[in-house]
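# got a predicted model here, sequence first, then my questions.
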Amino acid sequence: GAGVSQSPRYKVAKRGQDVALRCDPISGHVSLFWYQQALGQGPEFLTYFQNEAQLDKSGLPSDRFFAERPEGSVSTLKIQRTQQEDSAVYLCASSLGGSQGANYGYTFGSGTRLTVV
Amino acid sequence: AQSVTQLGSHVSVSEGALVLLRCNYSSSVPPYLFWYVQYPNQGLQLLLKYTSAATLVKGINGFEAEFKKSETSFHLTKPSAHMSDAAEYFCAVQKTSYDKVIFGPGTSLSVIP
C-alpha cells in the first residue's frame, strides 16, 4: 500500500482483556518497528523485525506483550491481561531496512490508541 | 547508550517569527539524526535527516537543521513560522542504519497569530 496502515484506530479494553493490534507495512519494506507513546511523551521502542525475524524485543515492558510477523509482512502486537498502565498510542513504522534504513527514515502509521478501563 | 535531549517541552512563537527547536544527543560517534513532526492524532512524519553528508540539512516545509559535532547538537530552525507549523516535534538518533531509532521527549510548538 501507499502507507503504513494500523488497525483498529481506537481500542477500549477492560482491564484483564487481551488485545491484538495490527500493522500493515509498506510493501517491500524489510524492517518493521513497534513503538509505544504515552500521552505527552516521545515514542518508546518496543520491538523490531527484519522480515519475519524478531531481532530486538528489548523494549517490550513485560511478558504480557508479544509481537509476531510470521510471513515478513503484516505484524500483530498482542497484549495479554491488559493493565491501565498499558494505555497509550501504539505506533508501527516500516523502512527499507539495512544500509538504506537511515537514508530514508521510518514511515509511521497513524497508530492505535489503546485505552484500558 | 544513545540518548536525545530536547530543551524546552513547549515553545511559542509569533506567526512570521524565527522557529528554533533545540536538540542535543549523546553519542561516542556521529550518529544518524532525524527530526520528525507529529500533528494531533496522527503518526510521525519525517521532516529531515542527517546521514553524515552535508552538515546543513534542508527538509520539508521550509525547515532545516545543522549538525554540529563539537556541540553534539542538531537544532531545527525555520526562518518564518506559519500557523500550520503548530505541532509536536521530535528529535531522534540512530547509532547505525541497522539500529533502532531513539526519540527525544518532544517539543510542542505553538504559533501565535
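Good, I have the coordinates. Numbering: from 1, shown residues only, chains lettered A, B, ... in the order given.

# residue B:91 bridge partners, please.
On the basis of DSSP bridges, residue B:91 is bridged to residue B:35.

# list the contacts of the most centrally placed residue in chain B.
Centre of chain B computed as the mean C-alpha position; nearest residue by CA atoms, centre = their mean is residue B:35, 3.5 Å away. Neighbouring residues of residue B:35 by CB atoms under 8 Å, 6 or more residues apart in numbering or on different chains: B:21, B:23, B:46-49, B:59, B:63, B:65, B:74, B:76, B:89-92. Glycine gets a C-beta too; all of them are placed from N, C-alpha and C.

# need the pLDDT of it.
Per-residue pLDDT puts residue B:35 at 96.

# just to revisit the earlier point, restricted to helices, list the contacts of residue B:35.
Counting by DSSP state H, no part of the contacts of residue B:35 is found in helices.

# now, which of the residues you listed sits nearest chain A?
In terms of CB to the nearest CB, no member of the contacts of residue B:35 lies closer to chain A than residue B:46, at 4.1 Å.

# run a quick neighbour tally on the closest one.
As a burial measure, residue B:46 scores 17 neighbours (other CB atoms under 10 Å in any protein chain shown).

# same check on the one 3 residues further on?
When counting by other CB under 10 Å, one arrives at 21 neighbours for residue B:49.

# thinking it is in contact with residue B:57, fair?
Yes. Applying CB atoms under 8 Å as the test, residue B:49 and residue B:57 come out as touching, 6.7 Å apart.

# shared neighbours of these two, which are they?
With contacts taken as CB under 8 Å, 6+ apart, residue B:49 and residue B:57 have no neighbour in common.

# what about the strands in chain B?
Remark: strands assigned in chain B by DSSP state E are B:3-5, B:10-14, B:19-21, B:24-26, B:32-38, B:44-50, B:56-58, B:64-68, B:73-78, B:87-94, B:101-103, B:107-112.

# for the ones you listed, give me CSV that also has distance to residue A:74.
Shown next, in CSV, are the strands of chain B (distance: least, CB to CB, whole Å):
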stretch, distance to residue A:74
strand B:3-5, 30
strand B:10-14, 37
strand B:19-21, 35
strand B:24-26, 33
strand B:32-38, 24
strand B:44-50, 20
strand B:56-58, 33
strand B:64-68, 34
strand B:73-78, 34
strand B:87-94, 25
strand B:101-103, 21
strand B:107-112, 33
